[in-house]
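**Q** Would you be able to build a 3D model of this:
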Amino acid sequence: MSRLGDRLREILGSDKVVTDPIIIELYSREATGLNADTLPEALVFAESAADVSKLLAFAYRYGIPVYPQGSASSLSGSALPSGGVVLSLERMRRIKEVNVVDGVAVAEPGVRIDDLNIELARYGYMFPVDPASSSVATVGGAVNTGAGGLRGAKYGTMRDWVLGLEVVLPDEEGTVMRIGCRTVKCRQGYDLVRLIVGSEGTLAVVTEATLRIAPLPEAAVTLLAFFDDLQGLLDTVVEIRSEGVQPLIMEFMERRTVEQAAGFLGWHGKLRGHMLLVSVDVNREAASRVLAWLERVARGNGAGLVYTARSLEEAEKKGLFQLRRSLFPAQVELSRRLLGSERVQVYVEDIAVPPSRLAEAVERLLELEEKYRLPMMLGGHIGDGNLHPAVGFDPGDPEARRRVWTWFHDVMRLAVELGGTVSAEHGIGVLKKEGLRMELEALGSLKALEIMKAIKRVFDPKGILNPGKVV
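**A** Now for the predicted structure:
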């Protein structure tokens, strides 16, 4: 039995500490297929900020690495441990408050995004940030990664919706600190809240979040259209945006991924072509007019099969969002089929480019697919320029790994060259550290990397909190 485990049980209680390597191994991997190079010695299930404080104070004293984790649905290696202790926050899942007058919800980090929205719907409200993995993604994980999602085209990302945080610092006392406000206007000197948002658990452990909430749209019309020609899809996006329409959701998937996702959902042979999904929130009186206009634009640019819905409820009932939400599992399944093996690792890119450069970005991605002879699956949040190209490979094949890694870097490079960013919502983690440096170097801002490292030392002087990530 682990001596570290015994000591943690004395501090936290036996029901909060696990040392069984079989269970720990389940918390030592990510959705990408990345696995810990060294298995952690212990797994801690915190149930309060006090638990987190005790753990971090103990870890600081003895220099033990601690890896905070929500549901490990990250796709950049940001939740991957290497030895030390995994800190699971899944038991901290209380929604402490919903206040529609103040427009806030207060939630613990283990609350799943979908569960938060189920509760908010009772009040006619929603939390707008909705990662495609919202059924498993947690509030704490979304804060740490600065998550975006399908509604990012209109509502942005986590940095736009987090008002305040309770965090625990990795210092001698395990200091519990509250930052931010429960008001939209808030000036507290330097903006520490937005420093924590997107820091990927490297600066502090989030134990509570005060979030902005928004009223549910009065109505929202949805169009799901399929195009034989990718250019026709891109022209539809440009035409919609050029008319001053700000979609609630605007997503796409290329044809091979559509076919795989359709099969994944049991719709074999029913859907073909490149997919465009558009939802626009409207008042009820305008629903029919706006929906007819969307369909006219899509068909005018070559859309064949088109499905529509006059409300979000109708869209959900018809399954219009299911295809897009199955993007990642479809990418995994397609990789397995193309490689003829269950042993597949999938790298999902997360670049963003200005929407005006989307067509050029897609064209260059297709050129890279041909250059590296890697079957690419392409989809993403086309409404805000966030693309998720993905390739699968056999992790036991060194040559395939080399080609994929080179492809991965070339994708990041094209994003930078088009005035975009190497990571829109998945974070830097371990996979994108070189890309972050590439982006800052292109901006002539490598000094920013030095400042980030200095900030890390201020928050985490011993470097024990999620070490090896971001910087």
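
**Q** Can you find the helix or strand in the chain with the smallest mean pLDDT?
**A** Scoring the helices and strands of the chain by mean pLDDT, DSSP states H and E places helix 327-339 at the bottom, with a mean of 82.

**Q** what's it packed up against?
**A** Taking 3 or more CB pairs under 8 Å, 6 or more residues apart in numbering; DSSP states H and E as the contact definition, the neighbouring helices and strands of helix 327-339 are helix 255-264, strand 345-348, strand 376-377, strand 390-393. To be clear about C-beta, it is placed using only N, CA and C from the backbone, and glycine gets the same treatment.

**Q** and of these, who's closest to residue 3?
**A** strand 345-348 (34.3 Å; CB to CB).

**Q** Does anything pack onto the lengthiest helix in the chain? Which helices or strands?
**A** In the chain, assigned by DSSP state H, the helix with the most residues is helix 398-417. Using 3+ CB pairs under 8 Å, 6+ apart as the contact test, the elements touching helix 398-417 are strand 351-352, helix 358-372, strand 390-393, helix 433-442.

**Q** Pull the distance from it to the chain's centre.
**A** Distance of helix 398-417 from its chain centroid, counting by CA atoms, centre = their mean, to the nearest Å, is 20 Å.

**Q** Could you pull up the mean pLDDT of that helix?
**A** Looking at helix 398-417 alone, the average pLDDT works out to 94.

**Q** Run the angle between it and helix 327-339 for me.
**A** 140 degrees (axes from the mean of the first three to the mean of the last three CA atoms, to 10 degrees).

**Q** got the contact list for helix 398-417?
**A** Applying CB atoms under 8 Å, 6 or more residues apart in numbering, the set of residues contacting helix 398-417 from outside is 347, 349, 351-353, 361, 364-365, 368, 372-374, 389, 391, 393-395, 421-422, 431-432, 434-435, 438-439, 442.

**Q** Equivalent analysis for stretch 213-221, please.
**A** Contacts to stretch 213-221, defined as CB under 8 Å, 6+ apart, come from residues 98, 100, 103-105, 120-121, 124-128, 155, 248, 279-284, 287, 290-291, 294, 308-312, 315.

**Q** are any of those buried, and which?
**A** 98, 103-105, 120, 125-128, 155, 248, 279-282, 287, 290-291, 294, 308-312, 315 (16 or more other CB atoms under 10 Å).

**Q** In helices, which of those fall?
**A** Judged by DSSP H, the buried ones among the contacts of stretch 213-221 include 120, 155, 287, 290, 291, 294, 312, 315 as members of helices.

**Q** so who does the fifth one touch?
**A** With contacts defined as CB under 8 Å, 6+ apart, the neighbours of residue 291 are 221, 223, 308, 310.

**Q** 6 Å - rerun?
**A** Taking CB atoms under 6 Å, 6 or more residues apart in numbering as the definition of contact, the neighbours of residue 291 are 221, 308.

**Q** Next: the fourth one.
**A** Residues in contact with residue 290, defined by CB under 6 Å, 6+ apart, are 221, 280, 282.

**Q** Stretch 381-391: which residues count as buried?
**A** By neighbour count on 16+ other CB under 10 Å, the buried set for stretch 381-391 is 381, 382, 383, 384, 385, 386, 387, 388, 389, 390, 391.

**Q** now the end-to-end length of that stretch.
**A** Terminal residues of stretch 381-391 lie 18 Å apart, using CA to CA, to the nearest Å.

**Q** circling back to that earlier point, pull out the buried members of the contacts of helix 398-417.
**A** The buried subset of these - by 16+ other CB under 10 Å - is 347, 349, 351-353, 361, 364-365, 368, 372, 374, 389, 391, 393-394, 421-422, 431-432, 435, 438-439.

**Q** quick one: low-confidence ranges for the chain?
**A** Flagging of the chain using pLDDT under 70 yields the residue ranges 1.

**Q** rerun at 80
**A** 1-2, 31-33, 132, 264, 268-269, 334, 338, 342 (pLDDT under 80).

**Q** just to revisit the earlier point, would you list the ones in helices among the buried ones among the contacts of stretch 213-221 in CSV and tack on distance to residue 205?
**A** Written out in CSV, the entries for those read as follows (distance: CB to CB, whole Å):
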residue, distance to residue 205
120, 25
155, 26
287, 45
290, 44
291, 45
294, 44
312, 35
315, 37
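
**Q** Farthest-apart pair in the residues you listed, please.
**A** The farthest-apart pair in these, when distances are taken by CB to CB, is 120 and 294, at 27.2 Å.

**Q** thinking again about what came up before, of the contacts of residue 290, which is the nearest to residue 31?
**A** For these, the closest approach to residue 31 (CB to CB) belongs to residue 280, at 30.7 Å.
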